[in-house]
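Colleague: Pasting a predicted model and its sequence here:
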Amino acid sequence: MTRTIIAIAGASASGKSLFSQTIYNELVNELEPGAIAVIEEDAYYKDQSHLPFDHRTQTNYDHPDAFEHELMCKHLTQLRNGEEVEVPTYDYAQHTRSDKTRTVMPAEILIVEGILLLSDKALRKEFDIKVFIDTPLDICLMRRMQRDMEQRGRTLQSVVEQYQATVRPMFYQFIEPSKHNADLVVTRGGMNRVAIDIIKSKIKYLLQK
Ligand SMILES: Nc1ncnc2c1ncn2[C@@H]1O[C@H](COP(=O)(O)OP(=O)(O)O)[C@@H](O)[C@H]1O
Ligand SMILES: Nc1ccn([C@@H]2O[C@H](COP(=O)(O)O)[C@@H](O)[C@H]2O)c(=O)n1
């Protein structure tokens with residue numbers, strides 16, 4: 001069986017999750033059970049449970065060193081080889097992994113979404129289709145403020161400080177340059193109906209082959 005791994009990369013709050021989840025939700029009931037799955041790069045943030053909470057708030061979460069990309073690469077290889085994996089789950093409020101894992105079965109179509117997927121050479125080799133969600137950074141910041149305060153337990157001040165200290169500089173150092181590794185660059189992210197339909201058609205085509 002040929003399996004296809006699709007990477008959806010882009011800035012924080014650019015709409016990667018919305019884009020990926022829209023494709024997944026619109027296809028999941030049409031396809032054979034278990035044919036499609038989604039994995040988040042955020043699940044592979046390093047475990048920091050050994051560090052005091054105050055230390056964890058100081059981590060640069062937008063630098064590649066914050067992630068355990070080796071484990072992610074290993075899991076993608078296992079999934080491609082037909083093995084199920086235990087994907088970590090991440091707790092943004094505690095800035096570390098939670099003690100639960102999520103079993104992911106080897107789907108024919110695997111969508112992977114995350115900020116630094118296309119900046120890591122080893123990870124890039126795992127992807128058959130590479131998409132970059134290209135959303136202006138000011139829009140990402142506005143969305144991030146709202147989302148992080150509503151869903152990730154952040155204050156406005158903490159979002160602004162983190163944005164200036166790490167999110168914005170790391171975007172220019174790592175994420176934006178990685179756009180050139182993409183096969184497709186998508187504007188308007190999760191609301192780009194044409195782009196969503198193109199990826200859906202490609203997935204259906206691959207599953208018919
Ligand atoms: N095109 C869009 N228009 C309006 N809101 C959007 C759009 N794309 C994403 N959002 C919202 O912005 C927030 C961040 O989007 P999300 O998909 O979680 O970003 P990412 O996964 O890239 O961090 C979410 O609350 C989401 O609903
Ligand atoms: N403890 C953490 C871990 C990550 N972040 C931020 O999450 C962003 C990536 O997730 P998206 O869903 O927004 O793509 C990244 O920019 C990190 O700054 C965090 O704030 N705290």
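Modeller: Great, that's in hand. Ligands and ions are numbered 1, 2, ... in the order given.
Colleague: can you tell me the distance between the two ends of stretch 26-40?
Modeller: Terminal residues of stretch 26-40 lie 18 Å apart, using Cα to Cα, to the nearest Å.
Colleague: quick one: buried residues of stretch 87-99?
Modeller: By neighbour count on 16 or more other Cβ atoms under 10 Å, the buried set for stretch 87-99 is 87-88, 90, 95-97. For glycine as for every other residue, the C-beta is placed from the backbone atoms N, C-alpha and C.
Colleague: Closest to ligand 1 out of these?
Modeller: Distance to ligand 1, by Cβ to the nearest ligand atom, is smallest for Tyr90 among those, at 12.9 Å.
Colleague: my read: that closest one touches Lys100, true?
Modeller: No: using Cβ atoms under 8 Å, Tyr90 is not in contact with Lys100; the gap is 10.3 Å.
Colleague: Kindly report the residues of the chain close to ligand 1.
Modeller: For the chain, the contact set with ligand 1 under Cβ under 6 Å from any ligand atom comprises 10, 12-18, 143, 147, 188-191.
Colleague: Export these to CSV and append columns for secondary structure.
Modeller: Listed next are the residues of the chain next to ligand 1 as CSV, based on DSSP: H, G, I helix; E, B strand; the rest coil:
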residue, secondary structure
Gly10, strand
Ser12, coil
Ala13, coil
Ser14, coil
Gly15, coil
Lys16, helix
Ser17, helix
Leu18, helix
Arg143, helix
Arg147, helix
Arg188, coil
Gly189, helix
Gly190, helix
Met191, helix
